[in-house]
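Student: how would this look folded up:
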Amino acid sequence: MDDRSLALMQELSDAPGASGFEDAVVAVARKYFSGAGRLEEDFLRNLYFYRKENTGNKPILMLDAHSDEVGFIIQHIKPNGTLAFLPLGGWNKNAPVSSRVMVRNALGEYIPGVIAAKPVHYMSAAEKQSPALEMDAMVIDIGATDMEDAKTNFHIRIGEPVVPADTFYYDRERDLMFGKAFDCRIGCAAMIEALLRLEGKELPCDVVAVLSTQEELGPRNSKVTVNRIRPDAAIVMEGCPADDTFVESWAVQTALKKGPMFRHMDVSAICAPRFQRYVLDLAEEKGIPVQEAVRRGGGNNAASIQTALCGAPAVVAGVPVRYAHSTTCISSGFDFEATVDMVMALLENITPEVIKSF
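Tutor: Got it, this is the predicted structure:
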């Protein structure tokens, strides 16, 4: 990864952007897109990028990557000054407890806290033997002494977002990235980087990219973006959960350092079969490593894109991410670069005739 890609990834990963509160992520994308095309934004904070090379008389190829991350939202301030919260997105319920978080206050500042539960010293024998805690048994502790302290000195109020406090780190020797929110900030970074590398080049289709919001709560805002863009085909960029550390070797379909994963299906969508096969054939022709998967779970914006309006064929390009939907993720620069290469190859080779063949 070059310096620009790393800086982009770091800024996107570190930006706080729980579902519904993606403003800081959008600001980073605006900075990198500046000068490369036209930007528009709607009230939901969906950010649309139109290449300046678009002609207006070609089929529209849509790129989508969601800007939000799994986080939390403050529900109550308790009399003792701790904060009750609800999840924003599908958390692994074993992940949050003891994690450091950042809580936005009424001044717009993100202040530190920790997700806490009853210390083991005060647990009964039965509590010590109980299974994983539910989030209802956890609180966020910011160090306040009581409710008034939390409100007056920490400026806490309900309805404010909370994100993990982890920060981005790149191990250059081993080509590994660590940080929060790789689902889907690594997809956002790969999308932006591919478009920047193609700046000034004429493509067979007009390309419109969107950083869509609130995907972790379900493919809801992509219903807005697809109606605005009205694409003829779409590539959905994702940070997809890697499975190479917890399934049998013969069952691994999303491993680190094996290239992007293109899924045939998940619980939300069967990706356009002819489009999917076109991608796999093009990858083989170009010598770009890719993986393919059939998934039991998961979901993504392709579901909305394929069923809105008259329907647009979509595929999902996922950068493998270990421990997505937790406070710290691991991914590789190799997979990032292979994803950028694959998306660039698709944008350069998908013609109006190819779209018709889907």
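
Student: quick one, what contacts F154?
Tutor: By CB atoms under 8 Å, 6 or more residues apart in numbering, the contact list for F154 reads N105, I111, I142, G143, A144. (C-beta placed from N, C-alpha, C; glycine too.)

Student: D183 is in what secondary structure piece?
Tutor: helix 182-197 (DSSP states H and E).

Student: tell me what that helix is packed against?
Tutor: helix 3-14, helix 23-33, strand 60-66, strand 206-212, strand 233-241, strand 314-321, strand 329-332, helix 333-349 (3 or more CB pairs under 8 Å, 6 or more residues apart in numbering; DSSP states H and E).

Student: quick one: buried residues of the second one?
Tutor: Neighbour counts using 16 or more other CB atoms under 10 Å place A24, V25, V26, V28, A29, Y32, F33 of helix 23-33 among the buried residues.

Student: swap in the first one?
Tutor: Judged by neighbour count using 16+ other CB under 10 Å, the buried positions of helix 3-14 are S5, L6, L8, M9, Q10, E11, L12, S13, D14.

Student: cool, and the last one?
Tutor: Of all the residues in helix 333-349, those buried under the rule 16+ other CB under 10 Å are 333-348.

Student: try stretch 231-250
Tutor: Going by neighbour count (16+ other CB under 10 Å), the buried part of stretch 231-250 is 231-244.

Student: and which of the residues you listed is nearest to V97?
Tutor: P241 (20.6 Å; CB to CB).

Student: the residue nearest to the closest one when sequence neighbours are not counted and E216: what is the separation?
Tutor: Spatial nearest neighbour of P241, chain neighbours left out: A324 (4.5 Å); criterion: CB to CB, 6 or more residues apart in numbering. A324 is 10 Å from E216, where distance means CB to CB, to the nearest Å.

Student: also F43?
Tutor: 19 Å.

Student: the more surrounded of the two?
Tutor: Relative neighbour count places E216 above the other of F43 and E216, with 23 against 6, counting by other CB atoms under 10 Å.

Student: now do the contacts for that one.
Tutor: Counting by CB under 8 Å, 6+ apart, E216 touches S19, H66, D68, E69, V70, L88, G89, G90, D183.

Student: circling back to that earlier point, which neighbours do A324 and E216 share?
Tutor: D183.

Student: these two touch, right, M237 and D64?
Tutor: Yes: with contacts counted by CB atoms under 8 Å, M237 reaches D64, the gap being 6.6 Å.

Student: and stretch 169-177, C-alpha only, in PDB?
Tutor: C-alpha atoms of stretch 169-177 as PDB (Å, rounded to 0.1, in the frame of the first residue of the first chain):
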ATOM      1  CA  TYR A 169      -2.000   0.800  13.100                       C
ATOM      2  CA  TYR A 170      -0.200  -0.700  10.100                       C
ATOM      3  CA  ASP A 171       2.500  -3.400  10.500                       C
ATOM      4  CA  ARG A 172       4.500  -2.600   7.400                       C
ATOM      5  CA  GLU A 173       6.800  -5.600   7.800                       C
ATOM      6  CA  ARG A 174       3.900  -8.100   7.800                       C
ATOM      7  CA  ASP A 175       1.500  -6.000   5.700                       C
ATOM      8  CA  LEU A 176      -1.200  -6.100   8.300                       C
ATOM      9  CA  MET A 177      -3.700  -3.400   9.400                       C
END
